[in-house]
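Participant: Sequence first, predicted model second:
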Amino acid sequence: MKIVKIIALALFLFASTANHAQVSVNVNIGSPPQWGPVGYSQVSYYYIPDVESYYDIRAQQFIFLNNGVWIRSHNLPNRYRNYNLYDGYKVVLNDNYGSRPYNHYHEHKVKYHKGYHKGNQKNYRTASNNNKHDNGNNNNHGNNNNHGNGNGNGNKDHKKDKH
């Protein structure tokens with residue numbers, strides 16, 4: 001009987017430490033930006049018709065055409081520095097595009113032209129603010145690692161995609 005109690009205690013301790021390790025390893029790698037549309041899972045890319053650019057969620061980089069070369073950057077190019085990502089429409093790309101969604105750029109550009117909107121789109125910041133009770137005060141100070149204040153921020157630190 002003593003052995004059964006020891007085995008039961010050992011199993012309990014093992015299960016509780018294994019469960020704890022699982023919870024502490026949970027990390028949000030490649031989570032959508034605050035300006036991203038809510039309600040989607042397993043998304044790799046957004047296409048942003050107004051700026052004819054892509055956003056790679058996992059790499060947290062914009063992908064845009066610059067002088068005939070596809071560029072990856074943490075910011076939009078300077079020509080879109082005043083573009084508000086929170087207000088602009090994002091097309092969620094659920095297909096498997098690998099690392100080059102721009103291989104379908106001409107198709108996306110025609111199907112999702114500049115000014116394209118398909119209904120109202122809530123973003124993560126809007127959804128989280130709707131869940132807060134701040135009596136009408138805007139308590140969302142700082143940029144919460146959302147790539148600036150919703151604007152493109154220019155094209156510093158960009159990389160050319162050689163493919």
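Facilitator: Arrived safely.
Participant: Can you tell me how far Asp56 is from Asn78?
Facilitator: 20 Å (C-beta to C-beta, to the nearest Å). For every residue, glycine as well, the C-beta is placed using N, CA and C.
Participant: neighbour count winner among those two?
Facilitator: Applying other C-beta atoms under 10 Å to Asp56 and Asn78 shows that Asp56 carries more neighbours, namely 17 against 12.
Participant: On the pLDDT front, check the more buried one for me.
Facilitator: Asp56 carries a pLDDT score of 95 in this model.
Participant: What separation is there between it and Ile7?
Facilitator: According to C-beta to C-beta, Asp56 and Ile7 sit 50 Å apart.
Participant: and what of Arg72?
Facilitator: To Ile7, Arg72 is 54 Å away according to C-beta to C-beta.
Participant: In terms of neighbours, single out the busier of these two.
Facilitator: When neighbours are counted by other C-beta under 10 Å, Arg72 and Ile7 differ, and Arg72 comes out ahead with 16 against 10.
Participant: Would you verify that the more buried one is located in a strand?
Facilitator: Yes: counting by DSSP: H, G, I helix; E, B strand; the rest coil, Arg72 falls inside a strand.
Participant: Just the strands from the chain, written as ranges.
Facilitator: With strands called from DSSP state E, the chain shows them at 45-48, 53-56, 61-66, 69-73, 91-93, 158-160.
Participant: just so I know, which of those strands lies nearest Leu85?
Facilitator: With respect to Leu85, and counting by C-beta to C-beta, the nearest of those is strand 45-48 at 7.6 Å.
Participant: Partner strands of that closest one and their direction?
Facilitator: Paired neighbours of strand 45-48 in the sheet (DSSP bridges): strand 53-56 (antiparallel), strand 91-93 (antiparallel).
Participant: and the ones you listed, which is most packed in?
Facilitator: strand 53-56 (a mean of 24; mean count of other C-beta atoms under 10 Å).
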